[in-house]
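A.B. asks: Provide a 3D model corresponding to the input given below.
(one chain, ligands or ions: 1)
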Amino acid sequence: MTRLHVNIDHVATVRQARGTSYPDPVPAAPICEMAGAAGITIHLREDRRHIIDRDVELIRQVVTTVLNLEMAATEEMLQIACRVRPDMCTLVPEKREERTTEGGMAVSAHQAEIAAAVKTLVDAGICVSLFIDPDLREVEAAKAVGAQMVELHTGDYAEAPASQVAAELARLTTAAQHAAKIGLRVAAGHGLHYHNVAPVSRIPEVEELNIGHAIIARAIFVGLDAAVRQMLEAMDRP
Ligand code: PXP
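C.D. replies: Residues are numbered from 1 along each chain as shown. Below you'll find the predicted structure:
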């Protein structure tokens, strides 16, 4: 069964909106784990707009499953990752003005820098995943720079008009198959929701999904435990 990693950034978004100390994303991690999440994902952005440094330190201490730290491949973030030692790092492109991560990394265009960042993390014993568009050239480049895993960007699938959904799903499937064939582990995520998650979860090569906004949004009404459980059910829906 596909594993669910819950991205808890948006608990911190609510906190940062008012500059308060609550809601604290730290206790969100064990609640998600007890509801069945196989891992916790957090994105430490350069501008610290949601997750802040103290969250990373404390969440590292409380996570008992897998901690996935999403970050840009900058010197500052590499130093933090090597000190905090998440179980895995997902390297993402980051633009200050974007509302959320807008696309996959252009690995093929920046192979040397990305290879150096991957090596730093792998040498520190951290599994490295690269967030890429479902594009065969980027899958090949991810392998070439030494990543162990790719996270396929599902944003285009999630936003596709009904007439394009099947084509976007086929792109994801082809990229996942190719990645697995060349020895990469495969995750997927971004924009996934209760109503569109099942077809992606059913792609056999996709072992893991990273889902945040939809779960935290639903948690406002039903609580975090129920929101995670409902996502696990939705992933498994025939
Ligand atoms: N995967 C990556 C690499 C992301 O950057 C994000 C958003 O932080 C997610 C997954 C989760 O996306 P969403 O919040 O839309 O579920």
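A.B. asks: Grab the nearest non-local neighbour of A117.
C.D. replies: Spatial nearest neighbour of A117, chain neighbours left out: A73 (3.9 Å); criterion: C-beta to C-beta, 6 or more residues apart in numbering. Backbone N, C-alpha and C define where each C-beta goes, glycine included.
A.B. asks: how far away is the spatially most distant residue from the centre of the chain from H190?
C.D. replies: Largest separation from the mean C-alpha position in the chain: S163, at 26.8 Å (C-alpha atoms, centre = their mean). Here S163 is placed at a distance of 21 Å from H190 (C-beta to C-beta, to the nearest Å).
A.B. asks: cool, R237 as well?
C.D. replies: 20 Å.
A.B. asks: The two - which one has more neighbours?
C.D. replies: Legend: neighbour count by other C-beta atoms under 10 Å for R237 and H190, higher for H190 (26 against 12).
A.B. asks: tell me the strands in this protein, going along the chain?
C.D. replies: Taking DSSP state E, the strands of the chain run over residues 3-7, 39-43, 67-71, 88-91, 127-132, 149-153, 185-189, 206-211.
A.B. asks: and those strands as JSON lines, adding mean pLDDT, distance to the ligand and mean neighbour count?
C.D. replies: Listed next are these as JSON lines, based on pLDDT from 0 to 100; distance: least, C-beta to the nearest ligand atom, whole Å; neighbours: other C-beta atoms under 10 Å:
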{"stretch": "strand 3-7", "mean pLDDT": "98", "distance to the ligand": "5", "mean neighbour count": "25"}
{"stretch": "strand 39-43", "mean pLDDT": "98", "distance to the ligand": "5", "mean neighbour count": "26"}
{"stretch": "strand 67-71", "mean pLDDT": "98", "distance to the ligand": "5", "mean neighbour count": "25"}
{"stretch": "strand 88-91", "mean pLDDT": "98", "distance to the ligand": "5", "mean neighbour count": "28"}
{"stretch": "strand 127-132", "mean pLDDT": "98", "distance to the ligand": "4", "mean neighbour count": "24"}
{"stretch": "strand 149-153", "mean pLDDT": "98", "distance to the ligand": "5", "mean neighbour count": "27"}
{"stretch": "strand 185-189", "mean pLDDT": "98", "distance to the ligand": "3", "mean neighbour count": "24"}
{"stretch": "strand 206-211", "mean pLDDT": "98", "distance to the ligand": "4", "mean neighbour count": "24"}
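A.B. asks: Tell me the spacing between the residue farthest from the centre of the chain and the ligand.
C.D. replies: If you measure S163 against the ligand using C-beta to the nearest ligand atom, to the nearest Å, the figure is 22 Å.
A.B. asks: so what's that residue up against?
C.D. replies: With C-beta atoms under 8 Å, 6 or more residues apart in numbering as the criterion, no residue contacts S163.
A.B. asks: Need the pLDDT of it.
C.D. replies: Reported pLDDT at S163 in the predicted model: 98.
A.B. asks: Okay then, goodbye and thanks.
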